[in-house]
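A.B. asks: Sharing a model prediction with you, sequence too.
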Amino acid sequence: MNEDVEDVEVREEQVERAEQTVRDNSRAVREESHEAGEKARAVAKDEEVVAKAEPPGDAARASLFEDDRASDLRTRWSDVQSRFVDDPPAAVKAADALVGEVIRDLSSLFAGERSALETQWGRDQEVSTEDLRVALRRYRSFFERLLSI
């Protein structure tokens, strides 16, 4: 009879340990689930911030150049167009040169931004979310413009 009582006690202890393990595992799963949910909410919030950062329409087409530079380029383009009446071949050559200059400037602008970000990453510095948001916004704006051509 003592053996039966001991067996029952051993089994009760085993059941109790098993139940505790289940409770511990359940708690761990809930904590992991909570952490995953927090991460998912943070990612969704970041995506929402990026999406709202640049509303559609004219605001999405904010200039990639400083105002003075953009104004200078527009003035030069207007001059190219006005020359077309008197000398179409020269106007087209000037247009080609001006567009080439803008493409080089844009390439240099984006290469500079990428280089600055890569330099920070290379030194194991954390790049701010705001810097990344601005960079992504500019890339998206430029990308959308290229696709609309």
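C.D. replies: Noted; the coordinates are in hand.

A.B. asks: how does this structure divide up, domain by domain?
C.D. replies: Following the assignment in automatic domain parsing, the chain carries domains at 1-53, 57-149.

A.B. asks: worst average pLDDT in those domains?
C.D. replies: Comparing the domains of the chain by mean pLDDT, the weakest confidence falls on domain 1-53, with a mean of 63.

A.B. asks: tally of neighbours for V80?
C.D. replies: When counting by other Cβ atoms under 10 Å, one arrives at 19 neighbours for V80. In this view, the C-beta of every residue, glycine as well, is placed from N, C-alpha and C.

A.B. asks: hang on, it packs against A90?
C.D. replies: No: checked against Cβ atoms under 8 Å, the pair V80 and A90 is beyond contact range at 9.1 Å.

A.B. asks: And stretch 74-91, what's buried?
C.D. replies: For stretch 74-91, the neighbour count (16 or more other Cβ atoms under 10 Å) marks R76, V80, R83, A91 as buried.

A.B. asks: can you list the residues you listed in a markdown table and add secondary structure?
C.D. replies: Compiled in a markdown table, these are given as follows (DSSP: H, G, I helix; E, B strand; the rest coil):
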| residue | secondary structure |
| --- | --- |
| R76 | helix |
| V80 | helix |
| R83 | helix |
| A91 | helix |
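
A.B. asks: any idea which of those residues is closest to R138?
C.D. replies: The shortest approach to R138 among these belongs to R76, at 22.7 Å (Cβ to Cβ).

A.B. asks: isn't the closest one right up against L98?
C.D. replies: Yes: counting by Cβ under 8 Å, a contact exists between R76 and L98, whose distance comes to 5.7 Å.
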